[in-house]
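sequence first, then the predicted structure, then my questions.
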Amino acid sequence: MALTKEDLTNDVYNHAGLSKTLSRTVVERLFEIMKQSLERKEDLLISGFGKFLVKDKSERRGRNPQTTEDLQLRARRVVVFKTSGVLRDKINGNLKS
């Protein structure tokens, strides 16, 4: 099950002592700030969580798997997420190899 914006809103509402409307506004504004930063091609670093980066991908050849037709994929930007060491350790349960 995925965590939704509504789940985040409810969590802020339950733990921050804000009204439901204000909690929703806080969550929406936070995501708007994040989107604006990425639109400006700025990295977004959240300590203890990770880093969002905008990368340029070059135009390249591709293939439609259903028809095997060759295609030219256009250049585009993508968002890449790299986890922090803290989050990576939590996800892996502090496992050591």
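On my side now, so go ahead. What you see is a predicted model, and the numbers here were worked out from it, not measured in a lab.

what about the protein, any weak spots by pLDDT?
95-97 (pLDDT under 70).

show me the domain layout of it.
1-40, 42-97 (automatic domain parsing).

highest mean neighbour count out of the ones you listed?
Of these, the one with the most neighbours on average (mean count of other C-beta atoms under 10 Å) is domain 1-40, at a mean of 13. Using the backbone N, CA and C atoms, a C-beta is placed for each residue, glycine as well.

how far does that one sit from its chain's centre?
Its chain's C-alpha centre and that of domain 1-40 lie 14 Å apart, by C-alpha atoms, centre = their mean, to the nearest Å.

just stretch 59-69 next, same as before
Computed by C-alpha atoms, centre = their mean, the chain-centroid distance of stretch 59-69 equals 27 Å.

would you map the helices across the chain?
For the chain, applying DSSP state H gives helices covering 5-16, 20-39, 85-91.

TSV for those helices, including distance to Arg60?
Formatted as TSV, the helices of the chain follow (distance: least, C-beta to C-beta, whole Å):
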stretch	distance to Arg60
helix 5-16	34
helix 20-39	22
helix 85-91	30
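
I'd say Lys20 and Val12 touch.
No - in this structure, Lys20 is not within contact of Val12 by C-beta atoms under 8 Å, at 9.2 Å.

contacting residues around Met34?
By C-beta atoms under 8 Å, 6 or more residues apart in numbering, the residues touching Met34 are Leu44, Phe52.
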